[in-house]
Structures are given as structure tokens and as C-alpha cells.
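Asker: below are the sequence and a predicted model for it; my questions follow.
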Amino acid sequence: MAAPTHRRSLRKRRVLVVSAAAVAAGVGAGVLVMNANAGTTTVDLYHQTLAAKDGWASSGTGTTGGAKADAAHTFTVSTRAQLVKALGSASDTTPRIIKVKGTIDANTDDSGKKLTCADYAKGTGYSLSAYLKAFDPATYGRSKLPSGTQETARAAAQQKQGGNIVFKVPANTSIVGVPGTKAGITGGMLQIQKVDNVIVRNLTFAATEDCFPQWDPTDGDAGNWNSQYDSVTLRGATHVWADHNTFTDAPGLDTADPTYYGRQYQIHDGELDITKGSDLVTVERNQFTNHDKTMLIGSSDTDSTGKLRVSIHHNVWKGVVQRAPLARLGQIHIYNNVYDTAPLNGYTLQYSINSRAKAQVVAQANYWKIPSGQKVAGLVSGDGTGSIAGSGNLVNGTATDVVAAYNAANSKKIKTTVNWTPTLTAGLETSAKNLLTELAATTGAGILS
């Protein structure tokens, strides 16, 4: 037997690090429980609420999720069927806590049997080979969207898959991964639509895939395949706190996708999209990785006015291509994030932050780690109407005006003034110099204990 040691275990040391980081960031106001063995405190993750002044989601009534849930509305789930039952009706506003234990595979039936794309296509008449033949640009052309028998069949198959993998979240809900269980959802989408007061924490969202992408020959110069299903989607939602989650395409990376009509057959959509007039959202201490179109704020240039207020802080973006985020119309505070822009598993950066459609972005004290040859001018982007103000941003440890670099290289300038001043800034670190080390240990799923 190994000799005893006076060093704290990795698990106990992790509790200490996360607790210290949470206190420093002003995160949460949950029940504290003394851990006598570790000599520190742990947090009741399931009843924890968003701290005062912690980003836009703390505005007004704040974000408490299901903290007031009674025993009858507190669930532990390990299967897709159990999750569906725990969520109940999307119109039921009774506070509820859902503890996710282990990894839930969304592509299973109520008995737990694995479902494949062929299962969803069965009975619809859809065939990929028939679809490709019907809409080959050489014969169908490039001027209009697909229509006809195979497009109708594709839409029907897609709807069948959506009926199985889309989980509709009601108001006043906390969905939290149980520590130490590799908690998460594979192949599914949480849909937070037209509801208020939702918390999503400590979960890994992986391999959210659309079996039936649609071909759009009018999308861009060469057309594109477009898919449905974000890992988490907010549509007209308010007061949402997404904290300590991990988002990834793995194991189904884009490099494995085939090419049809000369374009990648894209089966992934967004990781965390905030659209359709969603408002008062805080996204913190998550990891976004191995993905293309990562976070969309505003679904169109006319999405909404006076909404789309989002705080994004202390997240790690690594191996993402674009939309970190793409912001439209709203007031967005992006601070204390780490952007590691080195190519990863075939995902190569196009840009990190895009401000367009008069978005009012404040980017403050973020850290970009870029490889040799990466141009600073390519870290941000815009359409000439959006703004990015801010200061204290570092590139490889050096203070850098990333907007000035972009504007010097592009004719459509990003504006550098905004019409608002962030005040809900609990945990804001004025210096980004320590973020690389700090966020490596305090972000993503499986960190909270």
C-alpha cells in the first residue's frame, strides 16, 4: 500500500481553486456547505443562483432558475426519456431542478435503443442519393431553393429527428450536471424559447448533428449546405445563465464531412445561439471548441430593437472558426475571455468577434493567443455599421488595439464608440495577463464540485 501523503487530493484541490475563482468573480449566491476533509467550502450547484451584477442576466428580477423547486419538481435523469419527463410541458412555469447524471444520448428512443439517420428517414421517402440527383446544380440550377418530392421528404425526415433530439425547456428551470459523472447531452439541443429564468450549468454538449442538411444554391457564390439544431438555442428567451459548460463537435468533427456539389456537407449549426429577441443573458466560464459557427447573437439584421443584451465573460474559445460571437443590434459586453486561435483538428480561424447591424459591443480585457503568421487584423470583423469599443485587450501578452488593426486593413470600418456603459460587471478583471492560466483551470464542464 502506498504511503499516506499530506497533499490534498486533486479533487479537493480543484474544489478550492473553483471556489476561490467563484468568489473572486462574484459567481452565485447558493447554499455553502463546509467540506471538513478538504478544509474549504463547496456549493450546492442545484440551488445556486446568479450573483448580483453578474452580467445582463442579473438585471431586474435576476436569474434564479429552479432554486425554489420543491421535492416533487426535483429530478435526477440519466436517459433521454427521463429528461423529457422531467422537463414536462414547456408552458409549465413551476420551478424545477433537473440533475443530469452521466451522458444522455439524444438519438435514442424511449426504451434507450440507439437511433440512426436511417431510422429518422424511414417512411419519409428521403434518400440522400435521390436528393443529390434532384438538385444537382448542373441540371437544377442555382437560382432557387430546392422544392419538390425529395425536398419535402428531407424536411419530413428532419422534423422526425427534431422531434426526438430537441428538448424544450420551461421557465424557472435549472439544468445542472452532477459532478463526477461526465454529465452532458450528446446529439441533442436544449431549446429555450419564449421563457424566462433558466440556468444551464456543468454540462458537456457534444456532437449535435443534423442528419438532413438542406442545400441552398443561393447561399453565397457557390451555395452551401445548412443544418438545424444548435446545442443550446435561445429564441425570445430572457434571464438565462449559461455557466461552466463545454461545447464541442467531437467526436464528429467537420473534417469527417463529405463534400457534395463542391461544398462541405455541414451537419453542425451553432453551439450556443441567442436570437429572436432574446435578452438579459450571461454566458460565463464555458469552453467553446472544435466548431465552426459558434455563437450567433441576433438571427438577422432586423432581429429586434432594445433587446439582445448579453454578457460574455471568462470563457475559452479554442479551435473555433467564427462567431465568437457574431453580434447584431444588441448591447454586448465581452470581457476576460481567452481566444486561442491556433488551428485545431481542421478548424481554422476566420475571425473571433463580428459586430454588424449596429451592434454595440464592448470588448474589454480579453486575451488572444495567436500563432506565428496570424494577422491581428483578422481577429475581429464587421459590416461597417457595428461598433466595438473597449480597452485592455492583449495579443500574446502585448496590449493591442485589435479594432485599429482591422480598420487599417479594411474599407468597411468598425466604429469605436458605443451608446452604453457596462455596469453589471461583477468579477471583471482589469488586466488580462493571467487569464491563460486562470481559465485553463476554471472553465468548462466537470470543473464544478
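Answerer: Yep, it's here.
Asker: show the pLDDT at Thr41.
Answerer: At Thr41, the pLDDT value in this model is 57.
Asker: equivalent analysis for the one 5 residues further on, please.
Answerer: pLDDT, Tyr46: 97.
Asker: let me know whether it touches Ile175 as I believe.
Answerer: No. Taking CB atoms under 8 Å as the definition, Tyr46 is not a contact partner of Ile175, at 9.8 Å. Any C-beta I mention is one placed from the backbone N, CA and C, and that applies to glycine too.
Asker: what is the burial count for Asn226?
Answerer: 14 (other CB atoms under 10 Å).
Asker: sorry, slip of the keys, the one I care about is Gln82.
Answerer: Neighbour number of Gln82 under other CB under 10 Å is 17.
Asker: go on, the one 4 residues further on?
Answerer: Applying other CB under 10 Å, we find 20 residues neighbouring Ala86.
Asker: likewise for the one 5 residues further on?
Answerer: For Ser91, the tally of surrounding residues (other CB under 10 Å) stands at 10.
Asker: which non-adjacent residue is nearest it?
Answerer: For Ser91, ignoring the flanking residues on the chain, the nearest one in space by CB to CB, 6 or more residues apart in numbering is Pro170 at 6.9 Å.
Asker: which residues does the one you found contact?
Answerer: Contacts of Pro170 were listed using CB atoms under 8 Å, 6 or more residues apart in numbering, and they are 87-94, 96, 195.
Asker: of Tyr46 and Ile175, who's got more company?
Answerer: The neighbour comparison of Tyr46 against Ile175 (other CB under 10 Å) goes to Ile175, with 31 against 23.
Asker: could you please name the strands the helix or strand where the more buried one lies pairs with and the direction of each pair?
Answerer: Element membership for Ile175, per DSSP states H and E: strand 173-177. Next to strand 173-177 in the sheet, as set by DSSP bridges, lie strand 96-100 (parallel), strand 196-201 (parallel).
Asker: distance to Arg309, mean pLDDT and mean neighbour count added to those, as CSV?
Answerer: As requested, those are exported to CSV (distance: least, CB to CB, whole Å; pLDDT from 0 to 100; neighbours: other CB atoms under 10 Å):
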stretch, distance to Arg309, mean pLDDT, mean neighbour count
strand 96-100, 26, 98, 24
strand 196-201, 14, 98, 26
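Asker: could you dump those to CSV with distance to Gly163?
Answerer: Below are the strands paired with strand 173-177 laid out as CSV (distance: least, CB to CB, whole Å):
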stretch, distance to Gly163
strand 96-100, 20
strand 196-201, 21
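Asker: per-residue pLDDT, the residue nearest to Ser91?
Answerer: Predicted confidence (pLDDT) for Pro170: 98.
Asker: returning to that earlier point: of the strands paired with strand 173-177, which approaches Asp243 most closely?
Answerer: For Asp243, the closest of those is strand 196-201, at 4.7 Å, according to CB to CB.
Asker: off-centre distance for the closest one?
Answerer: Relative to its parent chain, strand 196-201 has a centroid offset of 13 Å by CA atoms, centre = their mean, to the nearest Å.
Asker: circling back to that earlier point, which one of the contacts of Pro170 has the most neighbours?
Answerer: Arg96 (25 neighbours).
Asker: can you tell me which of the contacts of Pro170 are in helices?
Answerer: Members of the contacts of Pro170 lying in helices (criterion: DSSP state H): Leu87.
Asker: center of the protein - which residue?
Answerer: The chain has Leu272 as the residue nearest its centroid, 2.7 Å off, counting by CA atoms, centre = their mean.
Asker: what sits up against the strand holding Ile175?
Answerer: So strand 173-177 is in contact with 45-47, 65-67, 69, 87, 95-100, 169, 183-184, 190, 197-204, 445-446, 448, going by CB under 8 Å, 6+ apart.
Asker: what about the helices in the stretch 251-400 of the chain?
Answerer: Counting by DSSP state H, counting those that start in this stretch, the stretch 251-400 of the chain has no helices to list.
Asker: kindly report the same for the stretch 51-200 of the chain.
Answerer: Listed in chain order, the helices of the stretch 51-200 of the chain (DSSP H, counting those that start in this stretch) span 80-87, 117-121, 128-134, 137-140, 149-165.
Asker: format those helices as TSV; extra columns: distance to Leu436 and mean pLDDT.
Answerer: Listed next are the helices of the stretch 51-200 of the chain as TSV, based on distance: least, CB to CB, whole Å; pLDDT from 0 to 100:
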stretch	distance to Leu436	mean pLDDT
helix 80-87	35	98
helix 117-121	40	98
helix 128-134	43	98
helix 137-140	46	96
helix 149-165	35	98
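Asker: so Thr49 sits against Thr64, correct?
Answerer: Yes. Under the criterion of CB under 8 Å, Thr49 makes contact with Thr64 at 4.3 Å.
Asker: spit out the residues that contact the two alike.
Answerer: With CB under 8 Å, 6+ apart as the test, Thr49 and Thr64 both reach Ile199.
Asker: for Ser304, find the nearest of the strands paired with strand 173-177.
Answerer: strand 196-201 (15.7 Å).
Asker: can you tell me how far the residue lying closest to Ser89 once chain neighbours are set aside sits from Tyr260?
Answerer: Distances taken as CB to CB, 6+ apart place Pro170 nearest to Ser89, at 6.6 Å, with adjacent residues excluded. Distance, Pro170 to Tyr260, using CB to CB, to the nearest Å: 39 Å.
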